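Enquirer: build me a model from this:
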Amino acid sequence: MKKLFNLIWLDFKLILQDKIALYMALAPALLSFVFLAVIGNSGSGTLKLAISGDVPPEIVERLEAVADVETVPDYNALEKRIKRADSIAGVYMEGEALVLLTEGNEKEGFAEKNALMVDRALSPDLVLFQEIKVERPQNLVMTIIMASILLLGILLAGAVSGFNIVHERESGVIRALAVSPTGLASYIGIRTLSALLLGVVNAALSILIMGKAELMGQMVCVSLASLFMYAIIAILLGSFADNLIASFAVIKILMPVLLVIPVVSTFMPENLHFLFYPLPMYWQYESIVRILGGLDHGFALLMILATGAVWFLVVFMLRKKVFHLRMEGVRSCNGIGGY
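Expert: Numbering: from 1, shown residues only. Presented below is the predicted three-dimensional model:
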């Protein structure tokens, strides 16, 4: 058990020490921030106001009737709030006058709409609003982007583990494993566990940054169900790439294939989706889309495990000889044996 934790800790040390591996590990969270800043609030029609603490309570109460109100202590805090990634107007007092504060880079008509709503809220004849929520179809583009970012986080976790395998081979760290009792299956299992931990963190962080914290538990389940996919990616990258430069070429081929194929299924007729059923990344994507749409995804989770297990056995049997040869080659370098 101690050896297991030591090897997992070694994996994370490699990630922290290597800038490329660290970037790969952080990429999903960074993309989630970009999503939030550029697209995240584009579909919101609810008026949101940040109100300084100097605004009288009776005015705050009237504004709460027409908007989602967020209060801040003073003008400085108000200025910092409106400069954040989302689009929100600020309200503060300047003498006896109420002033609307905006960042200035919002879409056309943003300031005018907010000014009009504030004016109506403060008019003598207050209009009372009643909110009725109407179910509407999900925005397809938004769903595809969110699902792709979340899926990428899972796939990159496996790629980072494979990258570490190549790094160990180049740096000579793997020589210690070559003379240890650690077998090939145990070695792949440890690398898979490291990727699993990173995948869970990626999924949780990404969905949290996107403002969907209530879906975190379901996304973690998708990450856990992707156990065999982590192993598949790590084996493919670790066995095909002889060095770090070659690993970039493998990643450039592997990642688009694993990500594009499930996205393409979105644009295929439903009666042709059976063509994608044998592919675990299709079920990963399908599960994430169903989670974002508030639909049941239990069957998709089971299919991620089932199809992943089958493909893992295929890939492991086809590529294990490469690992054995390289391990034997390391033993030979250490004077332990030959081919």
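Enquirer: could you pull out the helices in the stretch 1-150 of the chain for me?
Expert: Ranges of helices within the stretch 1-150 of the chain are 2-17, 19-38, 57-63, 75-82, 110-122, 140-171, based on DSSP state H, counting those that start in this stretch.
Enquirer: looking at these, which is buried most?
Expert: helix 140-171 (a mean of 22; mean count of other CB atoms under 10 Å). For every residue, glycine as well, the C-beta is placed using N, CA and C.
Enquirer: show me what that one is packed up against.
Expert: helix 2-17, helix 19-38, helix 174-178, helix 184-209, helix 216-225, helix 227-240, helix 244-265, helix 280-292 (3 or more CB pairs under 8 Å, 6 or more residues apart in numbering; DSSP states H and E).
Enquirer: so can I have a markdown table of these showing distance to G158 and mean pLDDT?
Expert: Converted to a markdown table, these look like this (distance: least, CB to CB, whole Å; pLDDT from 0 to 100):
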| stretch | distance to G158 | mean pLDDT |
| --- | --- | --- |
| helix 2-17 | 12 | 62 |
| helix 19-38 | 10 | 71 |
| helix 174-178 | 18 | 51 |
| helix 184-209 | 5 | 85 |
| helix 216-225 | 11 | 94 |
| helix 227-240 | 3 | 90 |
| helix 244-265 | 9 | 87 |
| helix 280-292 | 11 | 94 |
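Enquirer: in TSV: these, plus distance to A309.
Expert: Formatted as TSV, those follow (distance: least, CB to CB, whole Å):
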stretch	distance to A309
helix 2-17	22
helix 19-38	25
helix 174-178	25
helix 184-209	12
helix 216-225	11
helix 227-240	5
helix 244-265	17
helix 280-292	9
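Enquirer: indicate which one of the ones you listed is closest to K321.
Expert: Smallest distance to K321 across the helices and strands packed on helix 140-171 (CB to CB): 9.1 Å, for helix 227-240.
Enquirer: just checking, what packs against that closest one?
Expert: Of the remaining helices and strands, those touching helix 227-240 by 3+ CB pairs under 8 Å, 6+ apart are helix 140-171, helix 184-209, helix 244-265, helix 280-292, helix 298-333.
Enquirer: quick one on the thing from earlier: what about the helices of the stretch 1-150 of the chain, which gets the closest to V257?
Expert: Nearest to V257, of all these, is helix 140-171, at 10.1 Å by CB to CB.
Enquirer: contacts only, for the nearest residue to I188 once chain neighbours are set aside.
Expert: In space, and not counting its chain neighbours, I188 is closest to A231: 5.9 Å by CB to CB, 6 or more residues apart in numbering. Going by CB atoms under 8 Å, 6 or more residues apart in numbering, A231 touches 158, 188-189, 191-192, 195, 312, 316.
Enquirer: check S32 too.
Expert: Applying CB under 8 Å, 6+ apart, the residues near S32 are 149, 205-206, 209-210.
Enquirer: most neighbours out of the residues you listed, which is it?
Expert: S206 (27 neighbours; other CB atoms under 10 Å).
Enquirer: with adjacent residues omitted, what lies nearest to that one?
Expert: Nearest non-adjacent residue to S206 (CB to CB, 6+ apart): S32, at 4.4 Å.
Enquirer: tell me the pLDDT of V322.
Expert: pLDDT, V322: 67.
Enquirer: rebuild the helices of the stretch 1-150 of the chain as JSON lines, extending it with distance to Q218.
Expert: Supplementary listing: the helices of the stretch 1-150 of the chain in JSON lines, determined by distance: least, CB to CB, whole Å:
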{"stretch": "helix 2-17", "distance to Q218": "25"}
{"stretch": "helix 19-38", "distance to Q218": "16"}
{"stretch": "helix 57-63", "distance to Q218": "35"}
{"stretch": "helix 75-82", "distance to Q218": "31"}
{"stretch": "helix 110-122", "distance to Q218": "34"}
{"stretch": "helix 140-171", "distance to Q218": "11"}
